[in-house]
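Trainee: Predicted structure and sequence below. I'll ask about it afterward.
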Amino acid sequence: MNSLRYEAPSSLGDAIALLAGASGTSRILAGGTDIIVQMETDLIEPDLLIDIKKIPELRRIAVENGAFTVGAAVTGMELTDHVAFCKAWPGVVDGVKLIGSMQIKGRATMGGNLCNASPAADSVPALIAAGAIARIAGPNGTRDVPVENIPIGPGKTSLDKGEIIVSFLLPSRPSHSGDAYLRMTPRTEMDIAVVGVGINITLDAGGVCTAARVSLGAVAPTPLLVAEAGAALIGSPLDAPALDKLAQAAGAACRPIDDKRGTKEYRVKVAAVLAKRTALLALERARQNT
Amino acid sequence: MSGKYHVTTTVNGDEYEYLCEPQQTLLDALRDALMLTGTKEGCATGDCGACTVMVDGTMICSCLMLAVEADGKKIETIEGMAQGEELHPLQRNFLELNGSQCGICTPGILIAARELLYRNPDPTETEVRYWLAGNLCRCTGYDKIIRSVLAAAKEMRGA
C-alpha cells in the first residue's frame, strides 16, 4: 500500500494549490460515496485526498433575485431539505432524490455526481436541462462552464489539473416554467438508470412553449443535451404531435451500449417513451407555477 | 490501531480520541479503535446500510466516511439508543414483533427508523419502505421490520 495523505483545507486557494502542486494521483473528496468505494475495491490508490467540505463557498446554498448558487459539496439531503430550492427546481430535486439511499444522500453531492462522470448520473441530465452553469476555480482563475461540457466520457471530465468545481449557478426563471427528471430502472429504488430524461420548459401566458431544454442520461458515453428534442416542443402547447416529435428526436439522439441493464434497442425505445412522460410532468409543473 | 492522524470526536455524548490511517473508515474506527461493535459491516460499499450512524444529525453509512473526517463531529450509534436499561420504543417493538432475525441489519435499521420517525412521526407503510430502501436484510424479514417500525411509531405518537 502506498502512503496516502489526507488534507482538509479551509480555503479554496489552499485546495487549488494542493491539487495543482501534487505529484502522483490526487483525488478530491466530497461525499466520498464513489471515491471511498473505489479505494475500498482497489480501483484507485490515490497518494493525496483533498477533502473540500471545510471550504465555505462549496457548502453554501444562496439565492439572489431568484437565481440559485448551490455549492458543489452541498449534500443531497441538504438540497432536498431546502424548501425554496425544491419549489424553484423540482426537476433537479427529482434527480438528486434518486441518488442512492437516504444514507447515501446524507453524504453525496452534485459536484461529485458530475465529476464521477458516470453516463447514468441522475442529477446531471436534470442540471443540464435546467441550464446550470458550473463555476470552476483553478490555478489560472475562475471560469463558468455549462454542465453539459464537463463530462467528456465515462469517468472523464474536461477539468484541468488543479481545477475544482465550486458551485452550480441556476438562473432565475420566468413564471410558467417547470422541470422534471424521470429515470427508468428495473427496481423502484437503489438502482442505476437504464435511461434518464431531464426536461425544463417555459410556457407563455397562452400555454405555448417558448423555451425547452431536453437532456438524456445513460444512452451515450456522456449525458446529452438534445437540441432537436427541445426544438420539437418550442412553439407548441406540448400536444400529441409535439410529443411525438420529441420522442422521435430523443430516440434518434441515443448512442447507447448493450449491457446487463438493457439492450441498445430497449434503451432507444425507452428514451422516446420516457421523454414524453417527463415532458408531461414538466408541463404540469409549469402550469402550476404562476 | 496505530496511525498518523489524531482524531477527537464525540460518540453518544462521550468524548473519544483515536489515531487512524487516512484510508481507514469511520466504521473501522468505531469497531476496532473504540470497540463500539454495535455498528455492523455488511457490504463496505454503501449498499446495505448495516453501518448506518448519525453524524452531526445526518444519517450516513459509516463505511463511506473516513475515520479522519470524524474530527470534531458528533456521532450517534446504536449503543446510545437505549436509555440505560430502558429500551427505545423501536427496540422494544423489534423484540416483541420479531423485527430482528439474525440481527446484523438491525442496528442500522433502528438508527434509520429513528431518524424517519423524528422527521415524520406518522409515516405510511410505503414511506417506511422507501425510507429503509438503503437497509438490506439478508434474512428478508422485511415485513416484520416494517410492522415493528409502524407499531413503534404508533406507540410514540401515543395513539
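Mentor: Noted; the coordinates are in hand.
Trainee: In chain A, what residue lies closest to chain B?
Mentor: As assessed by C-beta to the nearest C-beta, chain B sits closest to A:S101 within chain A, at 2.1 Å. No exception for glycine: its C-beta is placed from N, CA and C like everyone else's.
Trainee: doesn't B:Y130 make contact with that residue?
Mentor: No: A:S101 lies out of contact with B:Y130 (C-beta atoms under 8 Å); the separation is 9.7 Å.
Trainee: Among those two, which residue is more densely surrounded?
Mentor: More crowded of A:S101 and B:Y130, by other C-beta atoms under 10 Å in any protein chain shown: A:S101, with 26 against 16.
Trainee: how many other residues sit next to the nearest residue to that one once chain neighbours are set aside?
Mentor: Nearest residue to A:S101 in three dimensions, chain neighbours excluded: B:G134, at 2.1 Å (C-beta to C-beta, 6 or more residues apart in numbering or on different chains). Residues lying near B:G134 (other C-beta under 10 Å) number 25.
Trainee: Go ahead and confirm B:G134 touches B:A112.
Mentor: Yes: B:G134 lies in contact with B:A112 (C-beta under 8 Å); the separation is 7.3 Å.
Trainee: What does the pLDDT read for the residue nearest to A:S101?
Mentor: According to the prediction, B:G134 has pLDDT 97.
Trainee: same thing with A:N2?
Mentor: 58.
Trainee: Return the backbone torsion pair for whichever residue of chain B sits closest to chain A.
Mentor: Proximity of chain B to chain A (C-beta to the nearest C-beta) peaks at B:G134, 2.1 Å away. B:G134 adopts backbone torsions of phi -90, psi 10, taken as degrees, to the nearest 10.
Trainee: before we move on, what about A:C86?
Mentor: Torsion angles, degrees, to the nearest 10, at A:C86: phi -60, psi -40.
Trainee: Would you mind measuring from it to A:A73?
Mentor: 19 Å (C-beta to C-beta, to the nearest Å).
Trainee: the more surrounded of the two?
Mentor: A:A73 (27 against 16).
Trainee: tell me the contacts of that one?
Mentor: Taking C-beta atoms under 8 Å, 6 or more residues apart in numbering or on different chains, we find A:A73 in contact with A:A30, A:G31, A:I52, A:K53, A:I55, A:L58, A:R59, A:T109, A:G111, A:G112.
Trainee: Just give me the neighbour total for B:I145.
Mentor: Around B:I145 there are 27 residues (other C-beta under 10 Å).
Trainee: Same question for it, what's its three-state structure.
Mentor: helix (DSSP: H, G, I helix; E, B strand; the rest coil).
Trainee: how much space between it and B:D122?
Mentor: Distance from B:I145 to B:D122, by C-beta to C-beta: 18 Å.
Trainee: try A:L18
Mentor: With C-beta to C-beta as the criterion, A:L18 and B:D122 are 48 Å apart.
Trainee: likewise B:G38?
Mentor: In terms of C-beta to C-beta, B:G38 sits 28 Å off from B:D122.
Trainee: higher neighbour count, the two?
Mentor: B:G38 (17 against 12).
Trainee: For the more buried one, report the pLDDT, please.
Mentor: pLDDT, B:G38: 98.
Trainee: Tell me which residues touch the closest residue to it other than its chain neighbours, please.
Mentor: Residue nearest to B:G38 in three dimensions, not counting chain neighbours: B:I78, with 4.0 Å by C-beta to C-beta, 6+ apart. With contacts defined as C-beta under 8 Å, 6+ apart, the neighbours of B:I78 are B:G38, B:T39, B:P107, B:L110, B:I111.
Trainee: now A:K276
Mentor: A:L243, A:L246, A:A247.
Trainee: and the longest helix for chain A?
Mentor: helix A:264-288 (DSSP state H).
Trainee: What count of nearby residues applies to B:V53?
Mentor: Neighbours of B:V53 (other C-beta under 10 Å): 28.
Trainee: partners of the one helix or strand it maps to in the sheet?
Mentor: B:V53 is part of strand B:52-55, with elements assigned from DSSP states H and E. As defined by DSSP bridges, the strand partners of strand B:52-55 come to strand B:58-61 (antiparallel), strand B:74-76 (antiparallel).
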